[in-house]
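Trainee: no sequence for this one, just the structure:
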Ligand SMILES: O=C(O)/C=C/C(=O)CC(=O)CC(=O)O
Ligand SMILES: [Ca+2]
Ligand SMILES: [Mg+2]
């Protein structure tokens, strides 16, 4: 059983997540879409700076998808102009306090694909769902993905209604249709596509970075009792598409440039096929980004961190996700969202889902107030956090990715 000590240093998870002083320095400048809270004004494109938002209307930017479609060189030029303007602290620029704003999805999301790049998650889930064959032979050759549902992607803070669905217990003769009793989270990052590719026109692994716009936090809520009964032979469906929460902020790949690390394969593992491999890719295609799962039940005075992982544990890189997705000529479009899949680490306390943290629900977590949890109950608030930080560089935060589970309809 995993005993979770309360981490006093992270007492104010919400504050640290929304603490502009640490999340949104000048070196970040994440994009969002916002308006003044409670107003009915049109949504506006902005960038986060400290505890405020710079409205980009004055910069002629009112459609983030249009900006995402622009070449990286233009986006970087804009970033430098914004940096210089904000650094100069020009008094006339309009900065809206984040506390006075409300947020929506940062851009139009045409298509959503969820990948499976977390090998430790894949092994753990495989052991539970397919004990005889946890990691299928294709895993180390193919960046596995499935097409998700973009209509149910919601912004942080949107309640997640517990779904009803078909559930069949191992010892039951027939399934029943009932509210899911095993609502879970999945600790992921979402990659937003920048410039797309034309239908029928794949791109090489060394061109992939040009198609990456930025990253957001992504919780792929999962109904673990609906999932095993429905997922064969076509993959996850209603167990996943009842809701996917993302942060309102997109952290650009330019802001994450300093946190690149070499992309390596474990000793003895097969090297990727040539279309997914190059010296440049091996040199710096992975990222050192810390990711955390937090939980606050209605009875808890403060939230508790359930786990901490890192994008460095991904078995497939962001560039390989993009390249593979387009390798058959499929056309990616600006604003498309690619989930990394659940990024668990090798240690038990680095698991990115309750399914793993509780051994399929058999080993409930004991929370600091004595409550126990296997899966989420109504009223539970599940939050994801992430940060890129290393000595000599400002910490790059990703904001909040929160959702409260509400009773089934
Ligand atoms: O069938 C399995 O092994 C598990 C599939 C998933 O959980 C789908 C998914 O969301 C993958 C992920 O988040 O890593
Ligand atoms: Ca997922
Ligand atoms: Mg989902």
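Mentor: Structure's in. What do you need? Given the structure is predicted, the values throughout are model-derived calculations rather than measurements. Ligands and ions are numbered 1, 2, ... in the order given.

Trainee: Tell me the buried residues in stretch 347-355?
Mentor: 350, 351, 352, 353, 354, 355 (16 or more other Cβ atoms under 10 Å). All C-beta spots, glycine's among them, are computed from the backbone N, C-alpha and C.

Trainee: between those residues, which is nearest ligand 3?
Mentor: residue 353 (11.7 Å; Cβ to the ion).

Trainee: Can you tell me how far that closest one is from ligand 2?
Mentor: Using Cβ to the ion, to the nearest Å, residue 353 is found at 9 Å from ligand 2.

Trainee: how about that residue, what does it touch?
Mentor: Residues near residue 353 by Cβ atoms under 8 Å, 6 or more residues apart in numbering: 121, 125, 184, 185, 186, 187, 222, 342, 344.

Trainee: Residue 123 now?
Mentor: Residue 123 neighbours (Cβ under 8 Å, 6+ apart): 134, 135.

Trainee: Can you pull the domain assignment for this protein?
Mentor: Following automatic domain parsing, the chain resolves into domains at 4-104, 112-406.

Trainee: Any idea which of those has the lowest pLDDT on average?
Mentor: In terms of average pLDDT, domain 4-104 trails the rest of the domains of the chain, at a mean of 85.

Trainee: mind checking how far that domain is from the chain centre?
Mentor: 18 Å (Cα atoms, centre = their mean, to the nearest Å).

Trainee: about what we covered before: right, so the domains of the chain: which one is the most enclosed?
Mentor: Mean neighbour count (mean count of other Cβ atoms under 10 Å) peaks for domain 112-406 among these, with a mean of 19.

Trainee: any residue of that domain up close to ligand 1?
Mentor: Yes: counting by Cβ under 6 Å from any ligand atom, ligand 1 is contacted by domain 112-406 at 114, 116, 118, 121, 125-126, 129, 186, 220, 231, 236, 341-342.

Trainee: Counting only helices, which of the residues you listed make the cut?
Mentor: Secondary structure from DSSP state H places 121, 125, 126, 129 of the residues of domain 112-406 next to ligand 1 in helices.

Trainee: Closest one to ligand 2 out of those residues, please.
Mentor: residue 121 (8.5 Å).

Trainee: you'd agree that closest one is up against residue 356?
Mentor: Yes: counting by Cβ atoms under 8 Å, residue 356 is a contact partner of residue 121 at 6.7 Å.

Trainee: How is residue 48 assigned, secondary-structure-wise?
Mentor: Secondary structure state of residue 48, per DSSP: H, G, I helix; E, B strand; the rest coil, is strand.

Trainee: could you pull out the helices for the stretch 251-400 of the chain?
Mentor: 253-256, 279-284, 318-326, 354-357 (DSSP state H, counting those that start in this stretch).

Trainee: Can you say which of those is nearest to ligand 3?
Mentor: helix 354-357 (13.6 Å).

Trainee: now for that closest one, which elements pack on it?
Mentor: Applying 3 or more Cβ pairs under 8 Å, 6 or more residues apart in numbering; DSSP states H and E, one finds that helix 354-357 contacts helix 119-129, strand 304-310.

Trainee: On the three-state scheme, the closest residue in space to residue 85 that isn't next to it in sequence is what?
Mentor: The shortest distance from residue 85 to any non-neighbouring residue, by Cβ to Cβ, 6 or more residues apart in numbering, is to residue 93 (6.4 Å). Under three-state DSSP, the three-state class of residue 93 is coil.

Trainee: Would you check that residue 93 makes contact with residue 82?
Mentor: No: in this structure residue 93 lies outside contact range of residue 82 using Cβ under 8 Å: 9.8 Å.

Trainee: what touches both of these two?
Mentor: Taking Cβ under 8 Å, 6+ apart as the contact criterion, the common neighbours of residue 93 and residue 82 are residue 54.

Trainee: What lies in contact with the helix or strand hosting residue 78?
Mentor: Per DSSP states H and E: residue 78 is located in helix 72-88. For helix 72-88, contacts defined as Cβ under 8 Å, 6+ apart pick out 26, 29, 47, 49, 54, 59, 61, 67, 93, 194-195, 209-210, 213, 252, 254.

Trainee: May I have the strands that pair with the helix or strand following that helix, each with its orientation?
Mentor: Using DSSP H and E, the helix or strand that follows helix 72-88 in sequence is strand 95-97. Using DSSP bridges, strand 95-97 pairs in its sheet with strand 52-55 (antiparallel).
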